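A.B. asks: Generate coordinates for the sequence data below:
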Amino acid sequence: MEHLQTALQESLKKMPAELDARLMRMENQQKTIGDQLENQINLTKGQQDQLESLKNAVPINFEVRLAQIEEQQNLLQETLNKIPEDFEQKLQKLEQNQKDELTKLGAQQSANQVTLMEIYSKVFWPNFERIGSRLFYINHKDAFNWQSAVDFCRGMGGYIAAIKDQEELDAISARLDDKSYWLGINDMHSRNTYVSEASGREVEFLNWNAGEPNHGHDDENCVELINSKMNDDPCQKKKHVICQTDKEEENTVFA
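C.D. replies: Sure, this is the predicted structure:
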């Protein structure tokens, strides 16, 4: 019994020390846990701060980038819009320059053609003059029957003339006196079918005097010009003559 009491007393003596030790360990554990919790809280707070900074930065950068992209797109669109306008202006300018050059070239070619024609005519037909669009020689001095008149014009390097229209008739008549002139028109092969001696084709222009052609004599197969009017007359009569250089071909170069 005494032994048990002694053991109990010993145990009671040790209890405060053990309790203090356990309390110390518990305090240390709580402190450790508190430190860990504080560290975790601080870490979490730092992460939240970083996240908040990131959240705040992203919209700002995004807006800036978006504004830059929109500005670049606007500049690009303006450039693209100008391309058709600039191209059209340059194309129109190029076309106008080409037209101007072609006009100048055409004028120069025409001038060269006229000069060449004049040189050619002076070399080959020195006695002919330009009346209207063609070259003619009017013999006011000599008189020929119709066939001799044909031969005379051939000897001059041309053909006995057949007038092509009223304008040409008026221009030639202004250079004539009131005498009679043989023309290169006749109906020798078919009555009332008047052909040109130069071309061999039926003539398109005739300006008959009143009542003509009347075939007053059977041999009135040749046509004369007197006072701007045409008349059929015997081919053996002698008259002055009008000559031309061309054969009345459509593409005659030097008329």
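A.B. asks: For the rest of this, base every contact and every neighbour count on C-alpha atoms.
C.D. replies: OK.
A.B. asks: Low-confidence ranges, the chain, go.
C.D. replies: 1-5, 7-20, 23, 34, 37-48, 50-62, 85-87, 112-124, 250-255 (pLDDT under 70).
A.B. asks: Let me see the ranges of the helices in it.
C.D. replies: 2-124, 146-155, 166-173 (DSSP state H).
A.B. asks: ok, and what's touching the last one?
C.D. replies: Think helix 166-173. Contacts to helix 166-173, defined as Cα atoms under 8 Å, 6 or more residues apart in numbering, come from residues 131-132, 163, 205, 227-228.
A.B. asks: So which of those residues is surrounded by the most neighbours?
C.D. replies: Neighbour counts for these, by other Cα atoms under 10 Å, peak at I163, which reaches 23 neighbours.
A.B. asks: shouldn't that residue be in contact with N207?
C.D. replies: No. In this structure I163 lies outside contact range of N207 using Cα atoms under 8 Å: 9.6 Å.
A.B. asks: Nearest the geometric middle of this protein, what residue?
C.D. replies: For the chain, the residue sitting closest to the mean C-alpha position, by Cα atoms, centre = their mean, is E95 at 4.9 Å.
A.B. asks: From A210, how far out is that residue?
C.D. replies: Distance of E95 to A210, given as Cα to Cα, to the nearest Å: 57 Å.
A.B. asks: Next, find the distance separating E168 from N127.
C.D. replies: The spacing between E168 and N127, counted by Cα to Cα, is 19 Å.
A.B. asks: again, but for P84
C.D. replies: Distance from P84 to N127, by Cα to Cα: 62 Å.
A.B. asks: ditto for H189
C.D. replies: 32 Å.
A.B. asks: quick one: which of those two has more around it?
C.D. replies: N127 (13 against 10).
A.B. asks: If we ignore the residues flanking it in sequence, what's nearest that one?
C.D. replies: Distances taken as Cα to Cα, 6 or more residues apart in numbering put Y137 closest to N127, at 6.5 Å, once the chain neighbours are dropped.
A.B. asks: for that neighbour, what are its contacts?
C.D. replies: By Cα under 8 Å, 6+ apart, the neighbours of Y137 are 127-129, 242-244.
A.B. asks: just the buried members of those residues?
C.D. replies: 128-129, 242-244 (16 or more other Cα atoms under 10 Å).
A.B. asks: Dump those into a markdown table; add distance to C153 as well.
C.D. replies: Below are the buried ones among the contacts of Y137 laid out as a markdown table (distance: Cα to Cα, whole Å):
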| residue | distance to C153 |
| --- | --- |
| F128 | 11 |
| E129 | 14 |
| I242 | 8 |
| C243 | 5 |
| Q244 | 8 |
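A.B. asks: Tell me which two of these sit farthest apart.
C.D. replies: Within these, two members stand farthest from each other by Cα to Cα: E129 and I242, at 11.5 Å.
A.B. asks: Spit out the residues that contact those two alike.
C.D. replies: By Cα under 8 Å, 6+ apart, E129 and I242 have these common neighbours: 136-137.
A.B. asks: which other residues reach stretch 215-228?
C.D. replies: Taking Cα under 8 Å, 6+ apart as the rule, stretch 215-228 contacts 146, 169-170, 173, 177-188, 191, 230-235.
A.B. asks: Using PyMOL, define a selection of the buried residues within those.
C.D. replies: Command for PyMOL that selects the buried part of the contacts of stretch 215-228, burial taken from 16+ other Cα under 10 Å:
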select buried, resi 146+169+173+180+181+182+183+184+185+186+187+230+231+232+233+234+235
